[in-house]
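J.: A structural model of the following input is requested.
(one chain, ligands or ions: 1)
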Amino acid sequence: MPTRRDFILNSAGAMAGIAFVGCDLLAARDAQAQPAKRRREVVVSGRRVKTVDVHAHCAVPEAMALMGLKVEPQTLVMGQERIRAMDEQGIDVEALSINPYWYKAERDLARALIRMQNEKLAELCASQPERFVAFATVALQHPDLAAEQLEEGVRKLGLRGGSIGANVAGEELSDPKFHPFWAKAEQLGCLIFIHPQGGTAGFEQRLRGSGGLANVIGNPLDTTIALSHLIFEGTLDRFPGLKICAAHGGGYLPSYAARSDAGCVTFPDRCPKPLKKRPTEYLRQLYYDSIVFTPEALRHLAAEVGSGQIVMGTDYPFPWMKTAVDHILNTPGLSDAERAAMLGETASRLLGIK
Ligand SMILES: [Zn+2]
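T.: Numbering: from 1, shown residues only. Now for the predicted structure:
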């Protein structure tokens with residue numbers, strides 16, 4: 001049975017104009033229940049830094065309904081709770097993305113769903129332009145349509161890039177069928193955020209059981225496979241201007257990068273496609289979120305890919321990383337300029353955040 005709160009939260013997703021009346025009501029009610037926390041403002045060497053979270057999930061319930069799906073968890077629906085969490089954690093701007101659930105939809109349904117979803121994302125951003133930007137969703141199973149949707153999302157709706165899965169219903173992003181999409185992304189010069197698709201990496205059997213392995217190791221593995229194919233199949237050579245941001249610090253790839261170089265040296269016959277650079281050199285042209293949990297992991301990521309390639313992520317509303325700001329502030333060995341870049345400056349440049 002939907003509660004009044006559900007109704008208000010759902011309305012927030014449905015009608016941005018009305019939403020913030022709803023949210024004000026919510027805020028007023030919650031103000032009695034708990035004292036409002038002050039918005040955390042992040043300062044690095046005396047300078048206020050606009051912080052950007054590039055890994056923030058949300059959902060548009062009306063679009064999901066077109067596939068007969070319901071939002072789970074409800075915190076994916078935009079509402080005042082999110083702003084409160086952002087204020088508390090020191091996140092100024094979230095770059096919203098939606099994990100693909102439509103990769104099996106046929107063309108007409110995929111077209112209608114993405115149109116509705118991207119329009120709602122644009123409305124949500126317009127209602128709080130200081131706090132939200134969004135990545136366009138695209139029906140990548142129909143690559144030519146996805147290219148159109150990306151262009152429309154960026155040029156007409158003001159979305160700041162595109163978000164895609166690390167595989168498309170089991171197909172690799174390096175498959176030549178996706179070239180029209182990559183060509184459009186390169187032409188638009190916008191950031192493409194790649195998020196793992198959980199459970200579709202072909203390891204379902206082995207990842208069952210305790211530990212949530214499909215997520216804990218399956219997700220970073222999915223990203224590792226996707227990026228490796230983009231490198232070794234020559235996709236990044238074919239589209240050198242692509243701006244790609246990989247979730248979860250690029251999965252396992254930057255942790256064991258040198259093996260990718262050693263492979264083609266050890267077994268040259270297994271690398272029939274000539275590449276323009278050593279495999280690890282491509283890692284320094286991609287971007288990565290900071291969701292790697294420890295200072296040592298962030299230090300290593302920066303050493304492998306360059307600190308200028310790392311952007312802050314939280315995985316909101318999933319509470320993987322509630323201390324993303326402090327993670328970057330407290331990692332030893334980074335300069336203040338590097339911290340400011342990771343906290344928001346690099347993402348602001350990539351996403352056109354002023
Ligand atoms: Zn995520």
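
J.: any idea what Tyr316 is bridged to?
T.: Ala56 (DSSP bridges).

J.: count the neighbours of the residue nearest to Glu94 when sequence neighbours are not counted for me.
T.: Leaving aside its sequence neighbours, Glu94 sits nearest to Ala56 (C-beta to C-beta, 6 or more residues apart in numbering; 3.9 Å). (Each C-beta comes from the backbone N, C-alpha and C, glycine too.) Burial measure for Ala56: 24 neighbouring residues, criterion other C-beta atoms under 10 Å.

J.: likewise Thr331?
T.: 22.

J.: list phi and psi for it.
T.: When read as degrees, to the nearest 10, the backbone of Thr331 gives phi -70, psi 120.

J.: and for Val93?
T.: When read as degrees, to the nearest 10, the backbone of Val93 gives phi -130, psi 140.

J.: residues in contact with His195?
T.: His195 is in contact with 55, 97, 99, 163-166, 223, 247, counting by C-beta atoms under 8 Å, 6 or more residues apart in numbering.

J.: filter those residues down to just the ones in strands.
T.: Judged by DSSP state E, the subset of these located in strands is 55, 97, 163-165.

J.: looking at Leu9 now. What's its pLDDT?
T.: Here, the pLDDT recorded for Leu9 equals 36.

J.: show me the contacts for the residue positioned nearest the centre of the chain.
T.: With distances taken as C-alpha atoms, centre = their mean, the residue of the chain nearest its centroid is His55 (4.1 Å). Listed by C-beta under 8 Å, 6+ apart, the contact set of His55 reads 95, 97, 193, 195, 247, 289, 291, 313-316.

J.: what distance do you get for it to Ile194?
T.: His55 sits 11 Å away from Ile194, going by C-beta to C-beta, to the nearest Å.

J.: find residues that contact each of the two.
T.: By C-beta under 8 Å, 6+ apart, the residues touching both His55 and Ile194 are Ala247.

J.: what is the neighbour count of the nearest residue to Arg160 once chain neighbours are set aside?
T.: Nearest residue to Arg160, sequence neighbours excluded (C-beta to C-beta, 6+ apart): Leu351, at 4.2 Å. Neighbour count for Leu351, taken as other C-beta under 10 Å: 23.

J.: what's the local residue count around Leu275?
T.: Leu275: 16 surrounding residues under other C-beta under 10 Å.

J.: quickly note the distance from it to Ser255.
T.: From Leu275 to Ser255 the distance is 21 Å (C-beta to C-beta).

J.: now the ones in strands among the contacts of His195 as JSON lines including distance to Glu172 and pLDDT?
T.: Supplementary listing: the ones in strands among the contacts of His195 in JSON lines, determined by distance: C-beta to C-beta, whole Å; pLDDT from 0 to 100:
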{"residue": "His55", "distance to Glu172": "22", "pLDDT": "98"}
{"residue": "Ser97", "distance to Glu172": "20", "pLDDT": "98"}
{"residue": "Ser163", "distance to Glu172": "17", "pLDDT": "98"}
{"residue": "Ile164", "distance to Glu172": "12", "pLDDT": "98"}
{"residue": "Gly165", "distance to Glu172": "11", "pLDDT": "98"}
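
J.: packing partners for the one helix or strand Pro220 maps to?
T.: If you go by DSSP states H and E, Pro220 is part of helix 218-232. With contacts taken as 3 or more C-beta pairs under 8 Å, 6 or more residues apart in numbering; DSSP states H and E, helix 218-232 sits against strand 167-168, strand 171-172, strand 191-195, strand 243-246, helix 258-266, helix 279-283.
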